[in-house]
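Engineer: What follows is a predicted structure for the sequence shown.
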Amino acid sequence: MVKEDIKILLIEDDEDDAFLVKEYLSEVKNFACKLDWEPNPEQGKAKILTRQYDLFLIDFYLGKSTGLSIIDFITENQILTPAILLTGRNDAQLDVDASMAGAFDYLVKGDLRADILERSIRYSIKQARVIRELDEKEKKYRSLFERSLDSIFLANSKLEMLELNDSFLDFFGYKSSDLNKLHLRDLFLSDEDFERCVELLHTTELVKDFEVILVTKDGLPKTCIFNCVFIPDQADDFCCYQGIIRDLTLWKKAELDMMVAEKLSMTGKLARTIAHEIRNPLTNLNLALDNLKEEIPQQEEQFILYTDIIQRSSNRIETLIGDLLNSSKPKELKLELSSLHEILDDILELVRDRAKLKGIRIKEELEEELPRIFVDREKLSIALVNILLNGVEAIEHEQGLLTVKTEIKGGSIFLSIGDNGQGIEKEDLKKIFDPFYTSKSEGTGLGLTSTLNILSSHNASMQVNSKVGIGTVFEVEFPLPEY
């Protein structure tokens, strides 16, 4: 049988003991041992750092130094080579201390024989190889965990966070020191979504491709794909949940921007088609009405009644066509550096009177200082007034409240305008920006279409959240320039 070659470093300051160890090693049957004896502990440390040995044999008493201090040195330098501690006396506490320090075995010199030493070497090398394999796997998976672009977390059975990767910390705005205070619930915007995830984890131990709104530490909503799986372990203390979160915010924003652009494009085509197909016969109708007025005596009251009705209806059609064209065509902006708060002050004065007539209170929660942004004050004012008036008209009760809030989050200014009105049904929420869609008896359904067009021209985006019976919130995001 071919013997396995192993290279051993013996750190021993007693020459006689070193000679005995060498003799015992020569009698070992299953290993071809090459011994390097070093009596100086400091020189021994230097040789340890070369990482060229398969095993360390270390005496406990080394003058001013001890074998435990050398084993501590091995551990501190993350050297996985096994170390066996040699001592001249049998001491149970020393055995425990050696094990705690990281020694693979503890041998008493007075009891030492070739077979005992061989058994200890075989055991230590085998254990070291297992540890080395585990270490390599741990480093491999640790690298995947730490370098992943997706947010990854580990949580215990109570869904309290155990570990977070750097992408998670960066994405959600937390620090490593927040780990012990963070619960999975803190990531969810909606209690309903969180409870749905918990139910799936308890029943199927898996949540797969769940699209959900999560929130950062600063309260910034993020559209994400949430995956989580239960990882069982024989020891209950090590059972945990592993989750992977992928950010869809930019993708969703791009998708929304594309839908808005397509909607405005379709609206523009519809408007131009209507203008072309209706204005020609409308012009003929007006010309015929003018000729009719010239031919029939004006003093006939019934004639005047009917011609006025025709004229008003014709003018109304012309106005609607003009409004539709204006709501859909790209806006030519006159940009100037402006304060959003100043714009809000001006338009709230316009809305306040109508709100007072309905007994509606306006609450302002404005960030103390906001950077100025380039906007067309007149057109942006029109868009924001449309949103505010929609909020006022949605409230039909005596405890009406309109909330206007500004804040900076994630490199953008967010303006939210919320009401505690009747709310909007989920199926209707997708239609509110469509031309001619309105729930008002006297509305044209073009106000929000025009608002969306103006905001898109400013590179601003808008989201609407609403619950029937609770109210509606319009949130406008103005991205700040990157410097």
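Structural biologist: Thanks, I have the structure now.
Engineer: so how far is the helix or strand harbouring residue 428 off the chain centroid?
Structural biologist: Assigned by DSSP states H and E, residue 428 belongs to helix 426-429. With C-alpha atoms, centre = their mean, to the nearest Å as the basis, helix 426-429 stands 27 Å off its chain's centre.
Engineer: For it, name the packing helices and strands.
Structural biologist: Applying 3 or more C-beta pairs under 8 Å, 6 or more residues apart in numbering; DSSP states H and E, one finds that helix 426-429 contacts no other helix or strand. For the C-beta atoms, the positions are set from N, CA and C on the backbone; glycine is no exception.
Engineer: heads up, I number from 28, so please use that
Structural biologist: Sure, I'll start counting at 28 from here, so that last one is helix 453-456.
Engineer: Output it as PDB, restricted to C-alpha atoms.
Structural biologist: Once non-C-alpha atoms are left out, helix 453-456 reads as follows in PDB (Å, rounded to 0.1, in the frame of the first residue of the first chain):
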ATOM      1  CA  LYS A 453     -60.300  49.100  -9.100                       C
ATOM      2  CA  GLU A 454     -61.600  48.500 -12.700                       C
ATOM      3  CA  ASP A 455     -62.300  52.200 -13.200                       C
ATOM      4  CA  LEU A 456     -58.800  53.200 -11.900                       C
END
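Engineer: What's the mean pLDDT across it?
Structural biologist: Average pLDDT, helix 453-456: 76.
Engineer: What helices and strands are in contact with the helix or strand that that helix is followed by?
Structural biologist: Counting by DSSP H and E, the next helix or strand C-terminal to helix 453-456 is helix 474-484. Using 3+ C-beta pairs under 8 Å, 6+ apart, the elements in contact with helix 474-484 are helix 276-322, helix 328-355, helix 404-421, strand 488-494.
Engineer: and the second one, what does it pack onto?
Structural biologist: Identification of packing neighbours for helix 328-355 by 3+ C-beta pairs under 8 Å, 6+ apart yields helix 276-322, helix 474-484.
Engineer: And the next helix or strand past it?
Structural biologist: Downstream of helix 328-355 (by DSSP H and E), the next one is strand 363-365.
Engineer: So which other helices or strands are in contact with that following strand?
Structural biologist: Checking 3+ C-beta pairs under 8 Å, 6+ apart, strand 363-365 ends up next to strand 400-402.
Engineer: who does the strand it packs on pair up with?
Structural biologist: With DSSP bridges as the test, strand 400-402 is paired with strand 363-365 (antiparallel).
Engineer: who's in contact with the partner strand?
Structural biologist: 399, 400, 401, 402, 403, 404 (C-beta atoms under 8 Å, 6 or more residues apart in numbering).
Engineer: Serialize the residues you listed to JSON lines and add fields for distance to residue 116, pLDDT and neighbour count.
Structural biologist: Converted to JSON lines, those look like this (distance: C-beta to C-beta, whole Å; pLDDT from 0 to 100; neighbours: other C-beta atoms under 10 Å):
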{"residue": "399", "distance to residue 116": "80", "pLDDT": "90", "neighbour count": "13"}
{"residue": "400", "distance to residue 116": "79", "pLDDT": "90", "neighbour count": "20"}
{"residue": "401", "distance to residue 116": "83", "pLDDT": "89", "neighbour count": "13"}
{"residue": "402", "distance to residue 116": "85", "pLDDT": "88", "neighbour count": "24"}
{"residue": "403", "distance to residue 116": "90", "pLDDT": "88", "neighbour count": "19"}
{"residue": "404", "distance to residue 116": "90", "pLDDT": "89", "neighbour count": "17"}
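Engineer: And the furthest pair within these?
Structural biologist: Based on C-beta to C-beta, the longest span within the contacts of strand 363-365 runs between 399 and 403 and measures 13.7 Å.
Engineer: circling back: between the contacts of strand 363-365, which is nearest residue 336?
Structural biologist: residue 403 (38.9 Å).
Engineer: which residues of the stretch 28-177 of the chain score low on pLDDT?
Structural biologist: Where the stretch 28-177 of the chain drops to pLDDT under 70, the residues are 28-29, 118-119, 122, 162, 164-172.
Engineer: Go again with 50.
Structural biologist: Residues of the stretch 28-177 of the chain meeting the criterion pLDDT under 50: none.
Engineer: As a check, name the ranges of all strands in it.
Structural biologist: Secondary structure of the stretch 28-177 of the chain, counting by DSSP state E, counting those that start in this stretch: strands at 31-38, 58-65, 82-86, 88-89, 92-93, 110-114, 132-135.
Engineer: Dump those to a markdown table, plus mean neighbour count and distance to residue 346.
Structural biologist: A markdown table is the format used below for the strands of the stretch 28-177 of the chain (neighbours: other C-beta atoms under 10 Å; distance: least, C-beta to C-beta, whole Å):
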| stretch | mean neighbour count | distance to residue 346 |
| --- | --- | --- |
| strand 31-38 | 18 | 96 |
| strand 58-65 | 16 | 99 |
| strand 82-86 | 25 | 94 |
| strand 88-89 | 17 | 100 |
| strand 92-93 | 18 | 97 |
| strand 110-114 | 24 | 92 |
| strand 132-135 | 19 | 96 |
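Engineer: so which of the ones you listed comes closest to residue 52?
Structural biologist: Proximity to residue 52 (C-beta to C-beta) singles out strand 58-65 among those, at 4.3 Å.
Engineer: tell me what the closest one is packed against?
Structural biologist: Packed against strand 58-65 by the contact rule (3+ C-beta pairs under 8 Å, 6+ apart) you find strand 31-38, helix 42-54, helix 68-75, helix 141-174.
Engineer: Neighbouring strands - and their directions - for it?
Structural biologist: Applying DSSP bridges, strand 58-65 is found paired with strand 31-38 (parallel).
Engineer: Could you check the angle the strand it pairs with makes with helix 68-75?
Structural biologist: If you take axes from the mean of the first three to the mean of the last three C-alpha atoms, to 10 degrees, strand 31-38 sits at 150 degrees to helix 68-75.
Engineer: which residues of the stretch 178-327 of the chain score low on pLDDT?
Structural biologist: 261, 263.
Engineer: mind redoing it with 80?
Structural biologist: In the prediction, the stretch 178-327 of the chain carries residues with pLDDT under 80 at positions 260-266, 276-313, 315-327.
Engineer: Check the stretch 328-477 of the chain too.
Structural biologist: 328-334, 343-360, 424-425, 437, 453-477.
Engineer: What are the structural domain limits within this structure?
Structural biologist: 31-172, 175-274, 279-355, 363-506 (automatic domain parsing).
Engineer: hmm, who's touching stretch 50-69?
Structural biologist: In contact with stretch 50-69 (C-beta under 8 Å, 6+ apart) are residues 28, 30-40, 42, 45, 48-49, 71, 74, 80, 89-90, 92, 97, 139-141, 144-145, 148-149.
Engineer: Cool, thanks, signing off.
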